[in-house]
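A.B. asks: Provide a 3D model corresponding to the input given below.
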Amino acid sequence: MKVGVYFCNCGSNISERIDAQKIASELSGEIAWMEAVDFACSEEGQESLVRHLAEHRPDRVVVAACSPREHEATFQRVLERAGMNPWLLQMVNIREQVAWVTPDPELATRKAARWIRGASARVRRHEPLETREVEASGNVLIIGAGPAGLKAALLLAEAGRKVVLVEKTPVLGGMPVRYEDLFPNMECGPCMLEPVLGEVMHGPHASNLEILTLAEVTEVTGYYGNFTAKIRQAPRHVDVEKCIGCGECIAPCPASSPNEFNYGLDERKAMSLAFAGALPNAPFLDEAACVRWKGEDCQACLDACPVEDTVLFHCGVKHLKRNAGAIIVAIGSALYSCAEFSALGHRAIPGVYTSLEFERLLASNGPTAGELRAPGGGPPSRVAIIHCVGSLDEKHRPYCSGVCCQYAFKFNHLVRKKLPEAAIVHFYKELCVPGKEEFALYEHARQTAGATFVRYTSLADLRVVTEDDSKAVIYRDAAGAEARISADVIVLCPAVVGPADAAQLGATLDISPDRFGFFEELHSRLDSAQSKMKGIYLAGACQAPMDIQKSINQGLAAAGYVLSGLVEGKRLRIDPITASVDEPRCSGCRTCGAVCPYKAIGFLPDSRRATVNALLCQGCGTCVAACPAGAIQGAHFANAQIYAEMEALLQ
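C.D. replies: Numbers count the residues shown, from 1 in each chain. The predicted structure follows:
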């Protein structure tokens, strides 16, 4: 077998330490030739290699140069241009791993000779692998209709893609549509999102969007380019297309239940809108609260509705199936449970609220129509805001959530606007105000008359107590002495944590939550919008704590991955470096399926033998190493190839 070796001088990076002529002489009986090139990766160097390969037609090729990570793809293209199979190449890194780390030229030359000998032995056993192509769907499934999901959906729809937008609540917009003011510039949340919602629901590209509210993804099968999702959609009992949003059906409803959209601070009717201004502008019927579903013959909402056939009692759960080439997960985040801090009195002491509860109290469409009242009924004279509840705490969440200080300073602004005479106390552990605009709210809070900042070390040093009809926050001051500040309303700013249903959805999609409950990204810096499952992307706060701007940017990044990877009319190329199963040797022990990080291994139903999905497999070799029967081999990294290289190196 004729093996040609191409030695790259890399200027003087390699040649000043390694003598190519000595290596050629030493290996003369083992290789057909060794050709030295000044800069093999340059355009001139590549053209020279193409001509030489086309003229001499070696059976296998070794390129001794720099890191394969940097230029293996370059030299594979060179082989293709010369009419050779690109997988009949083996690269040797004699720059970073020999020349740059071996000062002695004689030793470096001997070392390089061994490495080239090993590569020559290995490449003789290379197989001419072929890249396969498969059809792929350009449709996209997006789970979660908050800012990140909406912007991703809109961008994809504008590009002509068909998008299925799945939202588990009755309304679109996620959390920000419940906020009347957004940091840092105090913009109206619903107003900011209204143009996006309008485009999604009624814009020129709305025909490319299928919106499913009250829906959840229950099962996903398939792989990148060809996913099949099963979706369960609960009945709204209101025809959104016919409903005019008048709300006449709400007042006559005799049943009420705690209002989850206001975090239980008030009640809503069984037939209700989530809140004023919610979109779609149509009520929904809560079967769990409705007396009709408890055996009573009630149709008060139906009788009150002025539009015929709009209230629908007899529609049931829909089980839908949708195909998609990619999936974007944008289900948002949650707050750390304040039940972990009983000393702070949440749910036990009136007037102690989480930040989300306080947000709704400040909203004009909230439980008090935006009027801020102390538990006794009058306006509060002092509001205490406790930062870092669970954040920067090794016993709870060691990270900084990044947004808490900003919304705390927003609360400072809103409280002063509503109650100019009220005092405000910020209990903080650390302050976080990154960004070119974010400092403004902090400066405003610092300069506000009546605003006080108290630094604490640990939440263990804080507790909320009641004294007669008043409350007080007891803390330790800088000198370690115990002190107290009375407050009528106390706001807790808990750590931002992963979404409550991350584990359930993660199991459905085969993507893993990290140790904090957020979905784990492919790489925290380079690929934060990609999950570890090919074709499933992450957008927004389900991946890490982040504000609206970062969430939307990540949603757009996820959409960009879809548009670049699933090009209309383009077939998906499958990298041939994948694992394969020798079925007669497979015992069906399922060890490989348990260790595969890409969920690429399934099991044949008739024989229970393992099978590898080549589109999902990334060729990592974990299953090859784990198989107790040696029934799995990795293409391009077969045992015979690796053993041959090792034996030649050790000669």
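
A.B. asks: How many residues are close by His413?
C.D. replies: When neighbours are defined as other Cβ atoms under 10 Å, His413 has 18 of them. From N, CA and C alone the C-beta is placed, and that goes for glycine too.

A.B. asks: let me fix that: Pro379
C.D. replies: Neighbour tally, Pro379, other Cβ under 10 Å: 15.

A.B. asks: again with Thr228
C.D. replies: Applying other Cβ under 10 Å, I find that Thr228 has 15 neighbouring residues.

A.B. asks: What of the one 4 residues further on?
C.D. replies: Residues contacting Arg232 under the criterion other Cβ under 10 Å number 17.

A.B. asks: again, but for Gln97
C.D. replies: Residues near Gln97, counting by other Cβ under 10 Å, number 15.

A.B. asks: for it, helix, strand, or coil?
C.D. replies: What DSSP: H, G, I helix; E, B strand; the rest coil gives for Gln97 is helix.

A.B. asks: roughly how far apart are it and Ile18?
C.D. replies: 12 Å (Cβ to Cβ, to the nearest Å).

A.B. asks: and if you look at Pro584?
C.D. replies: In terms of Cβ to Cβ, Pro584 sits 46 Å off from Ile18.

A.B. asks: if you count what's nearby, which of these two comes out ahead?
C.D. replies: More crowded of Pro584 and Ile18, by other Cβ under 10 Å: Ile18, with 27 against 7.

A.B. asks: Next up, identify which helix or strand the more buried one is on.
C.D. replies: Under DSSP states H and E, no helix or strand contains Ile18.

A.B. asks: Run a quick neighbour tally on the closest residue to it other than its chain neighbours.
C.D. replies: Distances taken as Cβ to Cβ, 6 or more residues apart in numbering put Ala112 closest to Ile18, at 4.8 Å, once the chain neighbours are dropped. If you count neighbours by other Cβ under 10 Å, Ala112 ends up with 26.

A.B. asks: what helix or strand is Ala112 on?
C.D. replies: With DSSP H and E as the test, Ala112 turns up in helix 105-123.

A.B. asks: Glu267 contacts Phe261, correct?
C.D. replies: No. Glu267 lies out of contact with Phe261 (Cβ atoms under 8 Å); the separation is 11.1 Å.

A.B. asks: Look at the two and report which has more neighbours.
C.D. replies: For the pair Glu267 and Phe261, the greater number of neighbours falls to Phe261 (21 against 14), based on other Cβ under 10 Å.

A.B. asks: and the more buried one, what does it touch?
C.D. replies: 178, 268, 274-275, 360 (Cβ atoms under 8 Å, 6 or more residues apart in numbering).

A.B. asks: mind running it again at 6 Å?
C.D. replies: 274-275 (Cβ atoms under 6 Å, 6 or more residues apart in numbering).

A.B. asks: For it, what are phi and psi?
C.D. replies: Note on Phe261: its backbone torsions stand at phi -70, psi -20 [degrees, to the nearest 10].

A.B. asks: Quick check: beta-bridge partners of the residue nearest the centre of the chain?
C.D. replies: The centre of the chain sits closest to Leu538, judged by Cα atoms, centre = their mean, with a distance of 2.6 Å. Listed by DSSP bridges, the beta-bridge partners for Leu538 are Val329.

A.B. asks: the helices in the stretch 301-450 of the chain, which residues?
C.D. replies: Along the stretch 301-450 of the chain, the segments classed as helices by DSSP state H, counting those that start in this stretch run 355-362, 404-418, 439-447.

A.B. asks: How about the stretch 501-650 of the chain?
C.D. replies: Using DSSP H, counting those that start in this stretch, the helices of the stretch 501-650 of the chain run over 502-509, 548-565, 591-595, 622-626, 639-649.

A.B. asks: Select, out of those helices, the one closest to His71.
C.D. replies: Ranking those by distance to His71, with Cβ to Cβ as the measure, places helix 639-649 first at 19.7 Å.

A.B. asks: which helices and strands does that closest one pack with?
C.D. replies: helix 105-123 (3 or more Cβ pairs under 6 Å, 6 or more residues apart in numbering; DSSP states H and E).

A.B. asks: got a list of contacts for the helix it packs on?
C.D. replies: The contact list for helix 105-123 (Cβ under 6 Å, 6+ apart) reads 3, 17-19, 22-23, 26, 30-31, 60, 62, 64, 90, 92, 94, 98-99, 102, 641, 644-645, 648-649.

A.B. asks: can you check stretch 466-481 too?
C.D. replies: Contacts for stretch 466-481 (Cβ under 6 Å, 6+ apart): 349, 384, 456, 461-465, 482-487.

A.B. asks: cool, stretch 637-651 as well?
C.D. replies: With Cβ under 6 Å, 6+ apart as the test, stretch 637-651 has contacts from 114, 117-118, 121-122, 125, 621.

A.B. asks: So which of the residues you listed is the closest to Ile231?
C.D. replies: Closest to Ile231, out of all of the contacts of stretch 637-651 and judged by Cβ to Cβ, is Gly621, at 35.8 Å.

A.B. asks: Isn't the closest one up against Gly634?
C.D. replies: Yes. The pair Gly621 and Gly634 passes the contact test of Cβ atoms under 6 Å, sitting 4.8 Å apart.

A.B. asks: Compare neighbour counts for these two and give me the winner.
C.D. replies: Gly634 (22 against 15).

A.B. asks: Run through the bridge partners of that one.
C.D. replies: Under the criterion used (DSSP bridges), Gly634 bridges to Ala579.

A.B. asks: Surely it and Cys620 touch.
C.D. replies: No. Using Cβ under 6 Å, Gly634 is not in contact with Cys620, being 8.4 Å away.

A.B. asks: Buried residues in stretch 614-632, which are they?
C.D. replies: Residues of stretch 614-632 classed as buried: 614-620, 622-624, 627, 631-632 (neighbour count, 16 or more other Cβ atoms under 10 Å).

A.B. asks: List the contacts of the residue nearest to the centre of the chain.
C.D. replies: Residues near Leu538 by Cβ under 6 Å, 6+ apart: 329, 519, 521, 529, 531.

A.B. asks: Repeat the analysis, applying 7 Å as the threshold.
C.D. replies: If you count contacts by Cβ atoms under 7 Å, 6 or more residues apart in numbering, Leu538 has them with 329, 519, 521, 529-531, 558.
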